[in-house]
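Undergrad: what's the 3D shape of this:
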Amino acid sequence: MAIYVYETIPSREGESVRTYEIRQSMKDDALKMHPETGEPIRRVITGGLGVMTSSKGAPAPRPVSGGHCCGGGCGCG
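TA: Numbers count the residues shown, from 1 in each chain. As a prediction, this is how the structure comes out:
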């Protein structure tokens, strides 16, 4: 189960927006109404978090010839 951020859709100018974190399956469609209050809501797209790890015994990355991304021919370094 994932946690998604939702916000209310104001019905009047000046009405404050409230945010909620709602747990639901990734397979579920985005909600259009708050499950408890019935207020209209929309899903907020937020940035994700990517984590890279190396496993023990994996070879270490090797520099490209010349120590540059393309061997130094592009003026990168």
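Undergrad: grab the nearest non-local neighbour of Pro10.
TA: Nearest residue to Pro10 in three dimensions, chain neighbours excluded: Val17, at 6.0 Å (Cβ to Cβ, 6 or more residues apart in numbering). From N, CA and C alone the C-beta is placed, and that goes for glycine too.
Undergrad: my read: the one you found touches Ser11, true?
TA: No. With contact defined as Cβ atoms under 8 Å, Val17 does not reach Ser11; the gap is 11.2 Å.
Undergrad: separation between the residue nearest to Pro10 and Val51?
TA: 31 Å (Cβ to Cβ, to the nearest Å).
Undergrad: neighbour-wise, which of these two wins?
TA: When Val17 and Val51 are compared for neighbours, Val17 comes out ahead with 11 against 4, by other Cβ atoms under 10 Å.
Undergrad: what's the pLDDT at the more buried one?
TA: Val17 carries a pLDDT value of 95.
Undergrad: for Pro40, list each beta-bridge partner.
TA: Met33 (DSSP bridges).
Undergrad: any low-confidence regions in this structure?
TA: By pLDDT under 70, the weakly predicted segments of the chain are 50, 54-77.
Undergrad: the residue nearest to Pro10 - that's part of a helix, no?
TA: No. Val17 is assigned coil when assessed by DSSP: H, G, I helix; E, B strand; the rest coil, not a helix.
Undergrad: contact partners for it?
TA: Contact analysis of Val17 by Cβ atoms under 8 Å, 6 or more residues apart in numbering lists 7-10.
Undergrad: any idea how far it lies from Ile41?
TA: Val17 is 10 Å from Ile41, where distance means Cβ to Cβ.
Undergrad: need the overlap of contacts for those two.
TA: 7-9.
Undergrad: who wins on neighbours among those residues?
TA: Thr8 (17 neighbours).
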